[in-house]
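# quick one, fold the following:
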Amino acid sequence: MPNPRPARFAVPLPATTLRIRRAITADHAGLVALENETFSSDRLSPRQWARHLDSDSARVLVALAERELVGAAVLFFRVRSPVARLYSLAIGKRARGRGIGSALLEAAEQQARRKGCTRLRLEVRRDNKTARRLYERRGYRAIGTLAGYYEDAEDAVRYEKTLPVD
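This is a model prediction of the structure:
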């Protein structure tokens, strides 16, 4: 008899149903809810989300499983800079461990390349081993540490990846 799925996988999210697209204004409430579920500090405010959704220097991507918002990525761009910044990558608790973070990261890298960027940088909490493994598996390398970077004084590790030219 097969082992039953753990409770957190009670409602499977098949990879075939995952869709990533640019966020729209109608996603605002879901993005705020995802932010509050995912992060205990250093959260984007509802006002910041609204500003990023309507910004030329930001790109917000959402991952949808069926019609449910299960993840988001926020990218920042600076005019004439070859470096894009992944400001945030959030996956809903129920959707973790299904490759959604990797899919969003791939989509973020594609967006950065489309904007003419040759590198993507990000900061991640030193104690977030799961996220750090994801970045390292996807070819990011640690380029520094930022002491006391987060609201709770946790250090950040800065990562960077050189993006392949299409």
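# what sits against residue 17?
With contact taken as C-beta atoms under 8 Å, 6 or more residues apart in numbering, residue 17 is in contact with 65-66. In short, each C-beta sits where N, CA and C put it, glycine included.
# would you mind identifying the next helix or strand past the biggest helix by length in the chain?
If you go by DSSP state H, the chain has its longest helix at helix 100-114. As assigned by DSSP states H and E, the chain's next helix or strand after helix 100-114 is strand 119-125.
# what residues sit buried inside the longest helix of the chain?
Across helix 100-114, burial judged by 16 or more other C-beta atoms under 10 Å covers 100-101, 103-105, 107-109, 111-113.
# tell me which two in the residues you listed are the farthest apart.
100 and 113 (20.5 Å; C-beta to C-beta).
# just give me the neighbour total for residue 86.
24 (other C-beta atoms under 10 Å).
# packing partners of whatever helix or strand it lives in?
Element membership for residue 86, per DSSP H and E: strand 83-91. Contacts defined by 3 or more C-beta pairs under 8 Å, 6 or more residues apart in numbering; DSSP states H and E place strand 83-91 against helix 28-38, strand 68-76, helix 100-114, strand 119-125.
# which positions within that strand qualify as buried?
By 16+ other C-beta under 10 Å, the buried positions in strand 83-91 come out as 84-91.
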